[in-house]
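Asker: Need coordinates for the following:
(one chain, ligands or ions: 1)
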Amino acid sequence: MSNDHLEEDLKELRQVFNSGKTKESSWRISQLKGLLHILEDKETDIFMALKQDLGKHHVEAYRDEIGTVVKSVNNVIGNLKKWMSPKKTRLPIAAFPSAASLVPEPLGVVLIISSWNFPIGLSLEPLIGALAAGNAVVLKPSELAPTCSSLLAETIRDYLDNSAVKVVEGGSDVGERLLQYKFDKIFFTGSACVGRIVMSAAAQHLTPVTLELGGKCPAVVDSFSGSRDSNMAAKRIIWGKFGLCAGQACIGIDYILTEKKCLQNLVESLKRCIKQCYGDDPKGSNSISKIVNKKHFSRLKCLLDEPMVKNSVVYGGLLDEESLFIEPTILVDPPLDTAIMTEEIFGPLLPVITLESIEDSINFIKTRPNPLALYVFTENENLQKRFVSETSSGSLMFNDAILQYAVDTLPFGGVGGSGFGRYHGKYSFDEFSHEKVVVMRGFLVDFWFRYPPWTAQKLQL
Ligand code: NAD
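Answerer: Numbers count the residues shown, from 1 in each chain. Below is the predicted model of the structure:
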């Protein structure tokens, strides 16, 4: 979709939506199958684009941006008929004779703005929901992953119905231009700062929005009774921090909270696991992604360069601007008022904050913005119960990380500062649909007292 013809292209989308074409289940299925064909035919191109933009290893690329999406499409195709069917619902006896149902209908022409860190997955995952629900779509991928953005533009043009699905490429200027138009839904993945811009633009047209934002996702690590569990916890933490786009992941672990007395063992286990995953010289490893660009590299360097923060590095700390590489780095107790502890890190720096008691972690988390994800590694059932009842986060996972994202039956989304709205599986279909209430009445019975005039006789009833 050329940006010069934006207005005409949006008109075309509106006309096609109004024609009813996108509502047909056959059209929806054909578009979803088109997505499957893209993922199958263009697998190598996707690997290359993700390598080019983010240095992603193809195993990581397949896992996060192809495999999960294929799974999602197949789940939707298998369930679409059921999800599209009207749901009958009961009415009170006083409404007899009548019947009611909830009929899902598409919202119209929807805008999806996505982020660069999983540029294929985070573009296609909401697109699946939008198409399944029968909408016409504009997708704006992130300009910070340019190879992936143009691959999406090209393949979606070639494989999907171009009169109803269009990709608009570009940066914030293009995003701002798009936001001036009326859409029937905006689905945004990105930062809270741009989320505010999206929401205020949407307010001008009373357009509903879904905001998939970020923030700091803590991992609370309790002491473990056995070394096997404690080693497994450490491995999962290293994977949940560095194993997804080098920590550039919205649900990646941002920092750890642990008890002072557990610190030494924990840090030793974390170091051991980093070496197992990335070797003694992680710079030579092809299993860790690069930092997306110089701007983000400098941002992360600034976080580390604060003197009090630099002094807290206990492992790693190597940076190479040329290759945009940052070594998996562990820090112990950087001051809580430094940027590394007040801003989302979004990179391979892992602060470990020590507390007197593990129970203090609850208050630590409660007094900060609601995380998108919260991970608690503990065998203590009381502590688990307290986390469920006393903290608020988009998701809460015990003894592992990240996996909640890939489960079709679980909604994915934030709460408070980490966003609102939710998607994946049926939740995506619902997010891009309106459930219309349809009530059918008959003429068999009627009550004379429901109609004016309000006479004394009616008042006595
Ligand atoms: P970003 O907000 O800078 O950009 C996101 C998208 O918005 C991009 O496509 C960008 O071009 C567009 N954009 C930028 N300025 C705009 C404007 N003024 N008007 C309209 N569109 C504009 O975010 P990012 O750097 O791509 O992503 C990083 C952030 O996203 C982090 O905070 C991360 O936690 C969050 N994130 C959240 C999720 C999630 O699923 N919740 C997933 C990935 C990333």
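
Asker: Any idea how far apart the tips of stretch 411-426 sit?
Answerer: Stretch 411-426 has an end-to-end distance of 8 Å (criterion: Cα to Cα, to the nearest Å).

Asker: Name all residues that make contact with the residue in the stretch 51-200 of the chain positioned nearest to the ligand.
Answerer: Residue nearest to the ligand within the stretch 51-200 of the chain (Cβ to the nearest ligand atom): residue 175, separated by 2.2 Å. For the C-beta atoms, the positions are set from N, CA and C on the backbone; glycine is no exception. For residue 175, the residues meeting the contact criterion (Cβ atoms under 8 Å, 6 or more residues apart in numbering) are 113, 140, 194.

Asker: rerun at 6 Å
Answerer: Listed by Cβ atoms under 6 Å, 6 or more residues apart in numbering, the contact partners of residue 175 are residue 113.

Asker: Could I get the buried residue list for stretch 333-347?
Answerer: Across stretch 333-347, burial judged by 16 or more other Cβ atoms under 10 Å covers 333, 334, 338, 340, 341, 344, 345, 346, 347.

Asker: Which ones among these also lie next to the ligand?
Answerer: Applying Cβ under 6 Å from any ligand atom to these, one finds that 344, 346 fall near the ligand.

Asker: Would you point out the most distant pair within the buried residues of stretch 333-347?
Answerer: The most widely separated members of those, counting by Cβ to Cβ, are 333 and 346 (20.7 Å).

Asker: and this structure, which residues reach the ligand?
Answerer: 113-117, 122, 140, 142-143, 171-172, 175-176, 179, 189-191, 194, 197, 212-214, 250, 344, 346, 372, 414, 419.

Asker: Would you write a PyMOL line that selects the buried entries of those?
Answerer: Provided next is the PyMOL selection string for whichever of the residues of the chain next to the ligand are buried by 16+ other Cβ under 10 Å:
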select buried, resi 113+114+115+116+117+122+140+142+175+179+189+190+191+194+197+212+213+214+250+344+346+372+414+419
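
Asker: Tell me which of the residues of the chain next to the ligand fall in strands.
Answerer: Judged by DSSP state E, strands contain the following of these: 113, 140, 189, 212, 419.

Asker: separation between the residue lying closest to the third one once chain neighbours are set aside and residue 47?
Answerer: Nearest non-adjacent residue to residue 189, counting by Cβ to Cβ, 6 or more residues apart in numbering: residue 212, 4.2 Å away. In this view, residue 212 and residue 47 are 25 Å apart by Cβ to Cβ, to the nearest Å.

Asker: can you check residue 24 too?
Answerer: Taken as Cβ to Cβ, the span from residue 24 to residue 47 is 34 Å.

Asker: now do residue 402
Answerer: 21 Å.

Asker: For the two, indicate the residue with more neighbours.
Answerer: Under the neighbour definition other Cβ atoms under 10 Å, residue 402 and residue 47 were set side by side, and residue 402 has more, 22 against 18.

Asker: Nearest residue to that one in space, ignoring adjacent ones along the chain?
Answerer: Among residues not flanking residue 402 along the chain, residue 240 sits closest, at 5.2 Å (Cβ to Cβ, 6+ apart).
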